[in-house]
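**Q** got a structure for you, letters missing:
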C-alpha cells in the first residue's frame with residue numbers, strides 16, 4: 001500500500017501493476033499501456049494534470065477521488081465502480097466504458113466539498129468526451145454538467161436518475177441492464193443445458209415476473225435453489241454466473 005505520499009512527474013509504461021494508492025497526490029504523471037485492477041486509483045487521492053493512455057483498467061474503484069485537468073486517451077474502463085468521485089476539466093479521447101456503476105456516498109458529509117452542489121456520487125464537470133463509448137452502464141447517481149460530448153455512443157445503458165444538463169444519448173440506448181444480463185444468461189443456459197432444462201425454466205419464470213413487476217427482487221439466483229434444479233445443472237449455471245456477471249457489473 002502507498003499511503004499519504006506525493007508522486008510528481010512519474011512515468012510508467014508497458015506494465016501490469018496492482019498497487020493500492022490511498023490519501024495521496026499524483027501530479028503531472030503519465031501512465032501508458034498499463035493493465036491494472038481495482039486499487040490502482042485507490043481512495044482519497046487527488047490527480048492533477050496527469051494522463052493515462054492505451055490502457056485497460058479492470059474493476060477499478062475510486063472512492064473520494066478528485067481528478068483535475070487529466071487526460072484519458074484510448075483507455076478501457078472495464079467494470080468501473082465509482083463512489084464520491086469528481087472528474088473536473090478532464091478529457092476522455094476514444095475511451096470505452098463497460099459496465100460502469102456508481103455507489104452512493106458513504107457518509108452525510110462530502111469529503112470533496114465541490115461535489116455538494118450537484119449531489120451525485122460520480123460527477124463529470126466541464127469535461128470533454130470525444131469518440132468514446134458507454135456499454136451496459138448504469139448512470140443512477142451520476143452527473144454530467146457543462147461537459148461536451150462529441151461522437152459519443154451509448155448502448156444497452158440505464159439512464160434512470162442521471163443528472164445531466166443535456167441529453168447526449170439516444171432513446172435506443174436506453175435499456176434495463178439487469179434484464180439484458182438475464183437474457184444473456186438464459187441464452188447460455190439453453191446452449192449448455194438445452195432449452196428445456198429445469199434451470200432454464202426456473203430463471204425464465206423469474207424473469208417474466210421481474211419484467212411484469214410481480215417480483216422486484218434482483219436476487220435472481222434464489223429461484224434456482226428451491227430443490228427443483230438438479231445439482232448437475234446448478235454447477236453449470238454457477239459457472240455461467242461467474243463468467244457473465246462481471247461483464248454486467250454484477
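**A** Good, I have the coordinates. As the structure is a computational prediction, the values presented were derived from the model and not from experiment. Numbering: from 1, shown residues only.

**Q** middle-most residue in the chain, spatially?
**A** Nearest to the mean C-alpha position of the chain, by CA atoms, centre = their mean, lies residue 100 at 1.9 Å.

**Q** pretty sure residue 30 sits against residue 54.
**A** No - checked against CB atoms under 8 Å, the pair residue 30 and residue 54 is beyond contact range at 11.3 Å. The C-beta positions use only the backbone N, C-alpha and C, and glycine is treated the same way.

**Q** can you list the domains in this protein?
**A** Split into domains by automatic domain parsing, the chain comes to 2-173, 177-248.

**Q** please identify the deepest-packed of those.
**A** Neighbour counts (mean count of other CB atoms under 10 Å) averaged over each of the domains of the chain peak at domain 2-173, with a mean of 18.

**Q** chain center to that one: distance?
**A** Centroid separation for domain 2-173 versus its chain: 9 Å, with CA atoms, centre = their mean, to the nearest Å.

**Q** rewinding a little: want to try CSV for the domains of the chain, with mean pLDDT as columns?
**A** Formatted as CSV, these follow (pLDDT from 0 to 100):
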stretch, mean pLDDT
domain 2-173, 93
domain 177-248, 88
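
**Q** give me the residues contacting stretch 189-203.
**A** 182, 185-186, 220, 223-224, 226, 228-230, 233-234, 236-237, 240 (CB atoms under 8 Å, 6 or more residues apart in numbering).

**Q** apply 6 Å and report the result again.
**A** 186, 223-224, 228-229, 233, 236-237 (CB atoms under 6 Å, 6 or more residues apart in numbering).

**Q** farthest pair within the residues you listed?
**A** Farthest-apart pair in the contacts of stretch 189-203 is 186 and 228; separation 16.5 Å (CB to CB).

**Q** in this protein, which spans are helices?
**A** Shown for the chain, the helices assigned by DSSP state H span residues 177-193, 198-212, 231-244.

**Q** now the last one, how far from the centre of its chain.
**A** Offset of helix 231-244 from its chain centre (CA atoms, centre = their mean): 23 Å.
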